[in-house]
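[1] pasting the sequence and the predicted model now:
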Amino acid sequence: MTEKTLTIENKTGIHARPASLFVGEAAKYKSTVKIKAKGKTADAKSILMIMGLGLSKGTEITITADGPDEADAVAALSKLVEDKFGETE
């Protein structure tokens, strides 16, 4: 299993558009991908589960992946978070 802990930095947190980007990226991988935050765990391939976490700016998340392409999945999803989902503010 591969995991990485990050902090949500974009101003509006993970709302519908960034959640959609996150799910779209996670779906590219065969590995089981999960996101942990606020004591809850969600399937990173489910937009409803991610939205249900209520991830706002400053929230610490842990992305985990388990499977044949786990390192690539965690790296790609971490980059999305680090790049603030392409948001400039």
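    That came through fine.

[2] going forward, measure contacts and count neighbours with C-alpha atoms only.
    Fine.

[3] low-confidence ranges, the chain, go.
    89 (pLDDT under 70).

[4] can you give me phi and psi for Arg17?
    phi -70, psi -50 (degrees, to the nearest 10).

[5] burial of it, as a residue count?
    A count of nearby residues for Arg17, using other Cα atoms under 10 Å, gives 10.

[6] kindly report the same for the one 10 residues further on.
    As a burial measure, the neighbour count of Ala27 was computed by other Cα under 10 Å and equals 16.

[7] pretty sure Ala37 contacts Gly58?
    No: contact criterion Cα atoms under 8 Å: Ala37 and Gly58 do not qualify, at 11.2 Å.

[8] quick one, which of the two is more surrounded?
    A count of neighbours by other Cα under 10 Å puts Ala37 above the other of Ala37 and Gly58, at 18 against 13.

[9] contact partners for that one?
    Contact analysis of Ala37 by Cα atoms under 8 Å, 6 or more residues apart in numbering lists 53, 55, 59-62.

[10] next one: Val74
    Neighbour list for Val74: 2-4, 63-65 [criterion: Cα under 8 Å, 6+ apart].

[11] re earlier: could I get the contacts of Ala37 as TSV with secondary structure?
    Below are the contacts of Ala37 laid out as TSV (DSSP: H, G, I helix; E, B strand; the rest coil):
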residue	secondary structure
Leu53	coil
Leu55	coil
Thr59	coil
Glu60	strand
Ile61	strand
Thr62	strand
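
[12] buried residues in stretch 47-65?
    47, 50-51, 53, 55-56, 61-65 (16 or more other Cα atoms under 10 Å).
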